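Engineer: With the input below, show me the fold.
(2 chains)
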Amino acid sequence: MTIALQVLISGLAAGGVYGLFAAGHSLIYRLTGIVNFAFGDLVGLGIFATLLVLAGTSPVTQAGAHEPRFLLALVVGLACCVGASVATYFGLVQPYLARGSTIGWVAGTVAVAFAIRAAIGAVFQRSSYIFPDPLPFHRVGHAGFVGIGGAQVQARAFFVIGLALALALGSAWLLERTRFGRALRAVADDDEGARIVGVPVDLFVGLAFGLVGALAMIAAIAAAPGEAVSANTGTLLGLKGLVAALAVRFGPPLYAFVAGLVLGVLEAAIANVHLGGWQLGPAYREVLPLLFVLLLISIWPSREALEERE
Amino acid sequence: MTAAALGRTGTELRRAAGQARGAWSTGAWVAAGAAALGLLVPFLGLPGLRMDALASTVYLAVAATGLGLTVGAAGLPSLGAGAFVAIGAFTSALLMARAGWPLEPAALCGALAALAASVISGGVVRLRPAFLAVSTWLLAWLVWLFLLAFPSVSGGSQGLIVPVRSLFGLSATPTVHYEAALVLLVLSLLGIAAARRGAFGLELSALRQHPALATSLGVPLARQRLGAFAFSAALAGLAGGLSVQLAGVADPAAYDPFLSFKLLVAVLLGGAAATLGPVVGVAALGLIGLVSDPLARLLQLPLQRFDAAVAAFLLVFVLALGGDGIIPWLTPWLSRFRRPRSQATVPYRSAAPGPKAALRVEGLTKAFGGVVALDGLSFEVTPGETVALVGPNGSGKTTALRLISGAMLPDAGRVCFGDRDLTEAPTRERVRLGIARTLQATSTFPELTALETVLVGRSARRCYGGGARTALATPRARAEEPAARAAALHALAMVGLDQQADVPVPELTSAQRRLTGLAAALATEPQILLVDEPAAGVGVEELEPLARVLAAIGRQGVGVLLVEHNLRLVRLAAERMIVLAAGQVVAEGSVAEVGESELVRQAYLGAQRL
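Structural biologist: Reported below is the predicted structural model:
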């Protein structure tokens, strides 16, 4: 019971971040029919741009960041992430979409992913960094841990869960209620039709690329001080988002978000839960969900995932 | 018995040698010369040449060549080629290091393991390109994360030390590895070139250009694509299994998803459309590495990341220039080079099954969401008669054709052919039995000629057109080729396009393209032909030739079900008429009776009076 609660809360915190990545992946797929393989790395770029402004490239041992400096860093990081995302769309996605070349956008976005990783690796040459914490969670409870029902849970986890939920519901509201959101849904249904009735399709889709990057980046930064970050952080988050989005066949973004939450809890459970003396352990944490989703799509693809027949 | 078999084999071998001599051209001399020169490289005493690096580059080229079949011929954007190299490498390394196996069987098991992995994950070949790219990308990550998470298997950060081994009786030095890799490369290039030129390559290409049209002609999508995918995987596994001994250590860090990306870059850089493209791409990447590695050392950048960045930007550059790759730039005429000859070398012989049978549908029902497209449709088409299925837009005509041809399954009702129930049968089986269908509008294969398009329709009638037989150019596969060509030319002649056989489809007129589609369906040797709106967009003066073609088809004993809006063509071509409205039959009878009736007018114009 104690462990279950611990698993649930830490899993939901990780899953909230995965969920925003998954929702971003699925929104982009529904808007354009493409998958942005550079999504995770574009967010990674934002995280490291933030870190660069905040602490330079020297290793941070611990602690807090001053608030004005942190806000500046966050704005710079968001600008980098959004700018690079929009540039990726207009430079490497939109031209190939117009030409109907699948291999073009696949290779183009993967190329961006590796290029960003190489650039981060060239500037930040250590294997991992500690992200400074703008919020004083370490003062809550026992050095940042609070006890609930006998379980010791990171206080940050609640913040991350709340923030992820707020961002997810906020963007759902944006999609449902605003003019911009309605236009995006029109593009997802029928981009030619949307173009004809006067929606500036390319501009809005480009904006959506930037927006999903920004949302995912805020969640990732909120969770970042919890553990060490490296050039792989963004890549792996993007991958988890992809796993969750594929599990729901790039369905509605809210489904993808929920799939992300489930993935987070599942990973935590695989790592920690004993089932009658039988424990999988942390080694299986990343491998099993991936294997499961891959077999699922391979053996039981839904109709929308299958090659167009007619 | 044995002597007779040996004698037959000898005859076949002599014939094959004769054909090979006949096909021997300047290009073949150049290729053979290049291969021979390649074999001599280690003995030329070139200064500064590192044999181990060269050998591992050739192994990489083998894996890339395999990927070329998946990406170039089948058009599948696979991001998981490195996963199969890794599976082959670690299977082979484990067998050598832990079980003490020799190199050859260990590498073979590596290839088998990669093959098994590709078959297990093989369902992904049915997916849309975006889903396929994601799935194969996840596969690349899955294998790498597995190697990282289980150091007991992968040897952890140290890697698995692979013991010294011999290769074909020789001590496995880099030079021996190089020669073996080069022989493997030449063999796989020959096999893939043969497969791409033959029936298998044609069908893959058709599936890439228009999956729906190829499927409707009886090409088995999942089987052919899986063949290409699995062959690529096995080749990658073999290359991985052999090269791991050359490296001396199986290090998980060398098999990260970047390897998959690098292989894809090599294929695209060299040109996916050409069999030789991936080899050229790997060579280009190697040459760039010669320049960029010292540069990275000079700038004190981490080597692998720098390689990654260089490869990534190179790819972006190639894509920005149009994305065709090196070989297609060099030889714009290459694709025209290999058109099949349109002269029939053997007389046409029908391969269709014997007795004619009638098509009968009973109570076909299909709803899309809440919309009922067909509501208990029943009718029959007997051999040799032409039946027109008419009705307003949305009355369910095309849905009926889809259900009969197997493009989708009905909610209720049966499709019977003779005494066989085909309701659940796949399209290919229906085509084999003799039910063929043309698609609506201008569905074509834009990269093929008229004759090649029609040859796609021979798919279901081939017995030896599979990937392995085409790649090995077995005697039967070679014997089948001229027969298929004769049948395709016969079908083209039936629609009056035999003079246009070698014209690329985009250069045909719109009416000719429709006739090509009809000829492709005829090439399947149907007993029941389903024709969907052949007259849409066809000029008035072209209606009568079209009607004559349909009449000629009917005279051969083929039952024709004609879906058509143009009542003039219906009057010219059909004897019987079925009128549909809202998914139900509202009138049925001879064209003369029903065509003039009030019902037809109502069905077309609605209930309101003019």
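Engineer: Can you give me the domain assignment for chain B?
Structural biologist: Following automatic domain parsing, chain B resolves into domains at B:50-254, B:359-605.
Engineer: lowest average confidence, helix or strand, in the chain?
Structural biologist: Using chain A. Sorting the helices and strands of chain A by mean pLDDT, DSSP states H and E puts strand A:278-279 at the bottom, at a mean of 70.
Engineer: Oops, wrong one, chain B.
Structural biologist: Across helices and strands of chain B (mean pLDDT, DSSP H and E), lowest is helix B:598-605: a mean of 67.
Engineer: so what pLDDT did the closest residue to chain B within the stretch 151-300 of chain A get?
Structural biologist: Nearest to chain B, among the residues of the stretch 151-300 of chain A, is residue A:298, at 3.5 Å (CB to the nearest CB). From N, CA and C alone the C-beta is placed, and that goes for glycine too. At residue A:298, the model reports a pLDDT of 90.
Engineer: give the contact list for residue 288.
Structural biologist: As the question left the chain open, I've gone with chain A. Each residue near residue A:288 by CB atoms under 8 Å, 6 or more residues apart in numbering or on different chains is listed here: A:270, A:280.
Engineer: Please refer instead to chain B.
Structural biologist: B:310, B:314.
Engineer: thinking again about what came up before, need the next SSE after the least confident helix or strand of chain A, C-terminal direction.
Structural biologist: helix A:284-299 (DSSP states H and E).
Engineer: coming back round to it: gap between the closest residue to the residue of the stretch 151-300 of chain A closest to chain B other than its chain neighbours and residue B:236?
Structural biologist: Computed as CB to CB, 6 or more residues apart in numbering or on different chains, the closest residue to residue A:298 that is not its neighbour in sequence is residue B:123, at 3.5 Å. Distance, residue B:123 to residue B:236, using CB to CB, to the nearest Å: 19 Å.
Engineer: Looking at the two, which is more packed in?
Structural biologist: A count of neighbours by other CB atoms under 10 Å in any protein chain shown puts residue B:236 above the other of residue B:123 and residue B:236, at 37 against 20.
Engineer: secondary structure element for that one?
Structural biologist: Using DSSP H and E, residue B:236 falls in helix B:221-247.
Engineer: Mind checking the pLDDT average for that helix?
Structural biologist: Here the average pLDDT along helix B:221-247 is 95.
Engineer: So is it next to chain A?
Structural biologist: Yes: Helix B:221-247 lies within reach of chain A by CB under 8 Å from any CB of the partner chain, at residue B:221.
Engineer: hmm, who's touching the following helix or strand past that helix?
Structural biologist: From helix B:221-247 onward toward the C-terminus, using DSSP H and E, the following helix or strand is strand B:249-250. With contact meaning CB under 8 Å, 6+ apart, strand B:249-250 is reached by B:89, B:90, B:93, B:154, B:155, B:158, B:159, B:160, B:161, B:162, B:244.
Engineer: Show me how far strand B:249-250 is from its chain's centre.
Structural biologist: 35 Å (CA atoms, centre = their mean, to the nearest Å).
Engineer: How about stretch A:147-164?
Structural biologist: 20 Å.
Engineer: hmm, back to that, contacting residues for the residue of the stretch 151-300 of chain A closest to chain B?
Structural biologist: Residue A:298 touches B:120, B:121, B:122, B:123, B:124, B:135, counting by CB under 8 Å, 6+ apart.
Engineer: closest to residue B:230 among the contacts of strand B:249-250?
Structural biologist: Closest approach to residue B:230 among the contacts of strand B:249-250 (CB to CB): residue B:89, at 18.0 Å.
Engineer: quick check, that closest one in a strand?
Structural biologist: No: read with DSSP: H, G, I helix; E, B strand; the rest coil, residue B:89 is helix and lies in no strand.
Engineer: residue ranges for the helices of the stretch 251-400 of chain B, please.
Structural biologist: Ranges of helices within the stretch 251-400 of chain B are B:257-270, B:277-299, B:303-320, B:326-330, B:397-405, based on DSSP state H, counting those that start in this stretch.
Engineer: CSV for these, including mean pLDDT?
Structural biologist: Formatted as CSV, the helices of the stretch 251-400 of chain B follow (pLDDT from 0 to 100):
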stretch, mean pLDDT
helix B:257-270, 90
helix B:277-299, 84
helix B:303-320, 70
helix B:326-330, 72
helix B:397-405, 90
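Engineer: could those go into TSV alongside distance to residue B:490?
Structural biologist: Converted to TSV, these look like this (distance: least, CB to CB, whole Å):
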stretch	distance to residue B:490
helix B:257-270	38
helix B:277-299	35
helix B:303-320	43
helix B:326-330	34
helix B:397-405	23
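Engineer: looking at the ones you listed, which is buried most?
Structural biologist: helix B:257-270 (a mean of 28; mean count of other CB atoms under 10 Å in any protein chain shown).
Engineer: the inter-axis angle of it versus helix B:221-247?
Structural biologist: Taking axes from the mean of the first three to the mean of the last three CA atoms, to 10 degrees, one finds helix B:257-270 and helix B:221-247 inclined to each other by 110 degrees.
Engineer: Which strands or helices does helix B:257-270 pack on?
Structural biologist: Using 3 or more CB pairs under 8 Å, 6 or more residues apart in numbering or on different chains; DSSP states H and E, the elements in contact with helix B:257-270 are helix A:102-123, helix B:51-68, helix B:81-97, helix B:129-149, helix B:277-299, helix B:303-320, helix B:326-330.
Engineer: what do you get if the cut-off is 10 Å, keeping everything else the same?
Structural biologist: helix A:102-123, helix B:51-68, helix B:81-97, helix B:129-149, helix B:221-247, helix B:277-299, helix B:303-320, helix B:326-330 (3 or more CB pairs under 10 Å, 6 or more residues apart in numbering or on different chains; DSSP states H and E).
Engineer: Now the ones you listed in a markdown table, please, with extra columns for distance to residue B:425.
Structural biologist: Formatted as a markdown table, the helices and strands packed on helix B:257-270 follow (distance: least, CB to CB, whole Å):
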| stretch | distance to residue B:425 |
| --- | --- |
| helix A:102-123 | 31 |
| helix B:51-68 | 34 |
| helix B:81-97 | 34 |
| helix B:129-149 | 26 |
| helix B:221-247 | 15 |
| helix B:277-299 | 39 |
| helix B:303-320 | 42 |
| helix B:326-330 | 41 |
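Engineer: Can you say which of those is nearest to residue A:306?
Structural biologist: helix B:129-149 (8.4 Å).
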